[in-house]
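>>> Need coordinates for the below:
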Amino acid sequence: AFRVGWLAPPTPESGGLARPTQAFVGWRDGLADGHFIQVPVGLAESLGLKEAVECAQAVAPDAPLIASVAVVPYAPVASRVDVDPVTPEDWEILQLHANFVEEELLGQICVLGPGQRFPMWVYGRTRINLQVTSIGLVEQKQALCVRLARDTQVVVAPKLRAKQEQFDAQAQRQRELEGSSATLAYELRVQDPLLEAVAEGSAGQVGGLKHNEWNCTGVVH
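Numbers count the residues shown, from 1 in each chain. Alright, predicted model coming up:
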């Protein structure tokens, strides 16, 4: 396991000052080139490292962001890790692909730290972001980070949309259905049989009904 540290961009919460930030990652063969350690873009975005690099370049283009990398000597196996989806969209995608995430999680994530945000790729195309909320250890010892193993229980808490967002989404769907030509039907009025002969001889009429007597009604399936 490695500890990566850098100065995150200033925020109102930090009093306008850059704040020390750290994340814990595992190393996979093939992601190092000479004297450089390569970080996947998706991981850098999720950790906030990409934003820190862009902020540093905007302030001083000739002074790159300095990050420290150190080996973590002790990373025990976690018995349980609780995580939250970062957004409701992340939760909805995870629900759709729960089996895939369960089977592939250990293949993508092997080290986590308290409060750490991390990405999970679904079929290599869609990224969901999760954040650690609590960690349970097999061995009750202090540690900077933990390793995930086959016996580690990963629990994901749901992150639902706000009721107003759900209402707006349903209302939008209703408007789309009502405005679609595929959902339109015609309502016919039954005419008195005694008027049939008169109707047949009248101009500008269709099937015994005047053209302007057809009523268009929206139908929601």
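>>> Work out which residue lies at the spatial centre of this structure.
With distances taken as Cα atoms, centre = their mean, Asp90 lies nearest the centre of the chain, 2.5 Å away.
>>> what about the spatially closest residue to it that is not a sequence neighbour, neighbour count?
Leaving aside its chain neighbours, Asp90 sits nearest to Ile128 (4.2 Å; criterion: Cβ to Cβ, 6 or more residues apart in numbering). Every residue, glycine included, has its C-beta placed from N, CA and C. Ile128: 22 surrounding residues under other Cβ atoms under 10 Å.
>>> Equivalent analysis for Ala171, please.
Ala171, neighbours per other Cβ under 10 Å, totals 10.
>>> The residue nearest to the centre of the chain looks like it's in a strand, true?
No: checked against DSSP: H, G, I helix; E, B strand; the rest coil, Asp90 lies outside a strand; its state is helix.
>>> Please name the residues that touch it.
Asp90 makes contact with 128-130, 159, according to Cβ atoms under 8 Å, 6 or more residues apart in numbering.
>>> for this structure, which spans come out with low pLDDT?
Across the chain, the ranges flagged by pLDDT under 70 are 28-35, 163-167, 169-170, 173, 176-221.
>>> helices or strands up against the lengthiest strand in it?
Counting residues, the longest strand found in the chain (DSSP state E) is strand 126-137. Helices and strands touching strand 126-137, by 3 or more Cβ pairs under 8 Å, 6 or more residues apart in numbering; DSSP states H and E, are helix 41-47, strand 78-85, helix 88-96, strand 117-122.
>>> Ok, which of these comes nearest Arg147?
Nearest of those to Arg147, taken as Cβ to Cβ: strand 78-85 at 6.9 Å.
>>> The residue nearest to Asp90 reaches Pro85, doesn't it?
Yes: using Cβ atoms under 8 Å, Ile128 makes contact with Pro85 at a distance of 6.7 Å.
>>> Now render the helices and strands packed on strand 126-137 as JSON lines, adding distance to Asp62.
Formatted as JSON lines, the helices and strands packed on strand 126-137 follow (distance: least, Cβ to Cβ, whole Å):
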{"stretch": "helix 41-47", "distance to Asp62": "21"}
{"stretch": "strand 78-85", "distance to Asp62": "39"}
{"stretch": "helix 88-96", "distance to Asp62": "37"}
{"stretch": "strand 117-122", "distance to Asp62": "30"}
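>>> Out of the ones you listed, which gets nearest to Leu65?
With Cβ to Cβ, the closest approach to Leu65 among these belongs to helix 41-47: 10.9 Å.
>>> Need the contact partners of the closest one.
Applying Cβ under 8 Å, 6+ apart, the contact partners of helix 41-47 are 4, 23, 25, 49-51, 53, 116-119, 121, 127, 129.
>>> just stretch 149-168 next, same as before
With Cβ under 8 Å, 6+ apart, stretch 149-168 has contacts from 77-88, 90-91, 94, 105-106, 130, 133, 148, 169.
>>> which of those residues are buried?
Neighbour-count burial (16 or more other Cβ atoms under 10 Å) applied to those gives 78-79, 81, 83-86, 90-91, 94, 105, 130, 148.
>>> Tell me the one of the residues you listed nearest Glu13?
For those, the minimum distance to Glu13 (Cβ to Cβ) is 17.2 Å, reached by Val86.
>>> Spit out the contact partners of the closest residue to that closest one other than its chain neighbours.
Leaving aside its chain neighbours, Val86 sits nearest to Asn129 (4.1 Å; criterion: Cβ to Cβ, 6+ apart). Contacts for Asn129 (Cβ under 8 Å, 6+ apart) come out as 46, 85-87, 90, 117-120.
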